[in-house]
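[1] Turn this into a model:
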Amino acid sequence: MTELDTVKRAKLYIDQLANGINPFDGTVIPEGEIIHNVWLSRCFFYISRILQQVVDNGGTVTPGEPKKRIPLSIPHQKREQFAYSGTPISASEIARRVNQLAGDERMKKLTYSGIVSWLMDIGLLTRVSAPDGRLTVRPTSLGEENGISVVQRMGANGSYRVVVYDLKAQHFLLDNLDAVIDRENAQAALQGRPWDPEQDRRLAELHRSGASYGEIAVALQRSTSAIRSRLKKQGLLETK
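    The predicted model follows:
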């Protein structure tokens with residue numbers, strides 16, 4: 001295997017991780033895992049763009065100014081090419097298929113978190129306590145009416161439950177894609193902003209409820225490192 005082949009393989013793995021897919025067995029990574037954190041997802045997409053530049057240059061890194069990201073935009077004629085699935089699929093897979101329609105590596109990417117956050121905003125998804133006490137995302141009754149359900153699947157580490165979207169739900173998301181993309185952009189804009197009293201209150205509340213760093217990060221549109229740092233600063237996390 002040549003160095004260029006290795007770079008191509010690395011990009012394939014990074015792309016799958018960015019879309020919440022286990023690169024070794026092709027299964028969807030369970031919700032609540034750190035891999036679904038919006039900050040990590042954006043990092044993976046960023047690394048993927050750099051690796052693509054290396055591939056385009058034949059395996060050579062070319063110095064220069066990084067290309068500026070442009071907003072995600074999917075023309076309506078392109079949306080008609082979306083590969084709808086008769087078998088219910090995850091939000092990560094829907095995001096991957098939408099991103100395939102863009103056809104421009106410079107564009108921002110739609111993420112699992114962007115889809116889930118929008119569906120929570122409109123009341124189709126909510127957070128509930130799982131049997132282990134952790135918070136997890138589940139469809140509301142309205143969400144179930146619109147084709148969102150929970151299924152049991154088997155992965156490399158055993159069985160897990162995942163939220164999936166049938167044809168009705170897929171069409172609903174594509175029909176409202178502009179609103180979903182706007183929510184994604186709003187999440188990106190919040191990254192790096194100063195903490196305000198309301199976010200501190202929600203941070204403490206989520207931490208007390210037993211939510212993981214990744215789940216809090218998604219809820220507050222922050223990185224996991226920012227969550228840990230703020231918890232320590234607020235005296236909610238012991239320092240070692």
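[2] Centroid-nearest residue for this protein?
    Centroid-nearest residue in the chain: Tyr112, 3.0 Å away (criterion: Cα atoms, centre = their mean).
[3] wouldn't it be in contact with Gly20 here?
    Yes. Look at Tyr112 against Gly20 with Cβ atoms under 8 Å: they come within range, at 5.3 Å. Placement of C-beta: from N, CA and C, glycine included.
[4] intersection of neighbour lists for the two?
    Taking Cβ atoms under 8 Å, 6 or more residues apart in numbering as the criterion, Tyr112 and Gly20 both touch 36, 41, 90-92.
[5] my read is Thr136 is in a strand, agree?
    Yes. Thr136: assigned to a strand according to DSSP: H, G, I helix; E, B strand; the rest coil.
[6] And for it, the neighbour number?
    20 (other Cβ atoms under 10 Å).
[7] go on, the one 10 residues further on?
    Summarising burial for Asn146: neighbours were counted as other Cβ under 10 Å, giving 19.
[8] so who does it touch?
    For Asn146, the contacting residues are 124, 168-169, 172, by Cβ under 8 Å, 6+ apart.
[9] which one among these gets closest to Val55?
    Nearest to Val55 among those is Ala169, at 34.6 Å by Cβ to Cβ.
[10] Contact partners for the nearest residue to Ser92 once chain neighbours are set aside?
    Distances taken as Cβ to Cβ, 6 or more residues apart in numbering place Gly20 nearest to Ser92, at 3.2 Å, with adjacent residues excluded. Listed by Cβ under 8 Å, 6+ apart, the contact partners of Gly20 are 28-29, 35-36, 41, 90-93, 112.
[11] how near is Gly20 to Ala211?
    Using Cβ to Cβ, to the nearest Å, one gets 19 Å for the distance from Gly20 to Ala211.
[12] same question, Ser85
    Taking Cβ to Cβ as the criterion, Ser85 is separated from Ala211 by 30 Å.
[13] Which of the two has more residues huddled nearby?
    More neighbours sit around Ala211 than around the other of Ser85 and Ala211, counting by other Cβ under 10 Å; the figures are 23 against 15.
[14] Would you mind giving the secondary structure of the more buried one?
    Three-state call for Ala211 (three-state DSSP): coil.
[15] is it true that Arg230 touches Leu203?
    Yes. Between Arg230 and Leu203 there is a contact at 6.0 Å, judged by Cβ under 8 Å.
[16] Can you pull the residues that touch both of these two?
    Taking Cβ under 8 Å, 6+ apart as the criterion, Arg230 and Leu203 both touch Trp195.
[17] So how do I select the buried members of the contacts of Asn146 in ChimeraX?
    Selecting the buried subset of those in ChimeraX, with 16 or more other Cβ atoms under 10 Å as the burial test, is done by:
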select :124,169,172
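[18] re the thing from before, quick check, nearest of the shared contacts of Tyr112 and Gly20 to Ser117?
    Of all the shared contacts of Tyr112 and Gly20, Ala91 has the smallest distance to Ser117: 10.2 Å, by Cβ to Cβ.
[19] In contact with the residue nearest to Asn176 when sequence neighbours are not counted, which residues?
    Nearest-residue entry for Asn176: Trp118, 7.8 Å, with adjacent residues in sequence omitted and distances by Cβ to Cβ, 6+ apart. Neighbouring residues of Trp118 by Cβ under 8 Å, 6+ apart: 176, 179-180, 183-184.
[20] Is it possible to get CSV of these that adds pLDDT, secondary structure and neighbour count?
    Conversion of the contacts of Trp118 to CSV gives the following (pLDDT from 0 to 100; DSSP: H, G, I helix; E, B strand; the rest coil; neighbours: other Cβ atoms under 10 Å):
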residue, pLDDT, secondary structure, neighbour count
Asn176, 95, coil, 15
Ala179, 92, helix, 13
Val180, 91, helix, 23
Arg183, 80, helix, 22
Glu184, 79, helix, 23
